[in-house]
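> Next one to model:
(one chain, ligands or ions: 1)
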Amino acid sequence: MKTAVCPGSFDPVTNGHLDIIKRTSKMMDKVIVAVLYNPSKNPLFSVEERITLLREVTKDIPNIEIDCFSGLLVDYVKEKRINAIVKGLRAVSDFEYEFQMALMNKKLNPEVETIFMMTSSEFSYLSSSIIKETFKFKGCIDGLVPDKVKKALEKKYE
Ligand code: PNS
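Numbering: from 1, shown residues only. Just a heads-up that it's a prediction; the model follows:
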């Protein structure tokens, strides 16, 4: 049984994240989407809200589990007996940071593998931050996030 983790902040989940999660679920027996609990960041959505949104927008994927973690990702990977970390790569700008993290994770635990998946081109410019900023100033985000996420953003900025 091969299990992958898609870790991230997911503040909030975008169609770019969903693209990577769905494609990973087709390659692996099980995919765990793990939300980082990081109190030092100042997120728009609480971890509980992010988990609820993720559960709603992935409910049609049978082999998925939504969870959260704190501390080091490699410790979570070991605890859950995960075979691979799957990260989406959008552009060259992502590469440097992702490469650094993958190597550090490998140093911390040589058994941990990181797999990079190229994002689909239509989502290559997308991030949770760009969605929040665009929405805050009343820009159109249709097609970039699931409807449930758009509704949750509307509620936040009511
Ligand atoms: O969606 P994000 O914010 O780009 O996700 C980053 C995340 C959560 C994957 C990364 O920050 C992470 O793995 N954090 C946990 C702490 C850790 O293990 N850091 C790596 C050591 S270099």
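> who's in contact with stretch 139-153?
Outside stretch 139-153, the residues that touch it by Cβ atoms under 8 Å, 6 or more residues apart in numbering are 12-16, 18, 45, 49, 53, 56-57, 123, 126, 131-132, 134-135. In short, each C-beta sits where N, CA and C put it, glycine included.
> same check, this time on stretch 91-105
73-74, 85, 87, 89, 112, 114, 116, 124-125.
> same check, this time on stretch 52-62
By Cβ under 8 Å, 6+ apart, the list of residues contacting stretch 52-62 reads 10, 12-13, 18, 21-22, 25, 31, 33, 35, 45, 64, 66, 146, 148-149, 152.
> how distant is it from the center of its chain?
Centroid separation for stretch 52-62 versus its chain: 13 Å, with Cα atoms, centre = their mean, to the nearest Å.
> and what of stretch 98-115?
Counting by Cα atoms, centre = their mean, stretch 98-115 comes out at 17 Å from the chain centroid.
> Repeat that for stretch 50-67.
With Cα atoms, centre = their mean, you get 11 Å for stretch 50-67.
> Only the C-alpha atoms, please, for the helix or strand that contains residue 107, written as CSV.
Following DSSP states H and E, one finds residue 107 within helix 92-108. Output of helix 92-108 as CSV, limited to C-alpha atoms (Å, rounded to 0.1, in the frame of the first residue of the first chain):
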residue,chain,number,x,y,z
VAL,A,92,11.1,28.2,-11.7
SER,A,93,10.6,30.5,-8.7
ASP,A,94,9.2,27.6,-6.7
PHE,A,95,12.1,25.4,-7.5
GLU,A,96,14.8,26.9,-5.2
TYR,A,97,12.8,26.8,-2.0
GLU,A,98,11.3,23.4,-2.8
PHE,A,99,14.7,21.9,-3.6
GLN,A,100,16.1,23.3,-0.3
MET,A,101,13.2,21.8,1.6
ALA,A,102,13.4,18.4,-0.1
LEU,A,103,17.2,18.2,0.6
MET,A,104,16.7,19.2,4.2
ASN,A,105,14.0,16.6,4.6
LYS,A,106,16.3,14.0,3.0
LYS,A,107,19.1,15.0,5.4
LEU,A,108,16.7,14.7,8.4
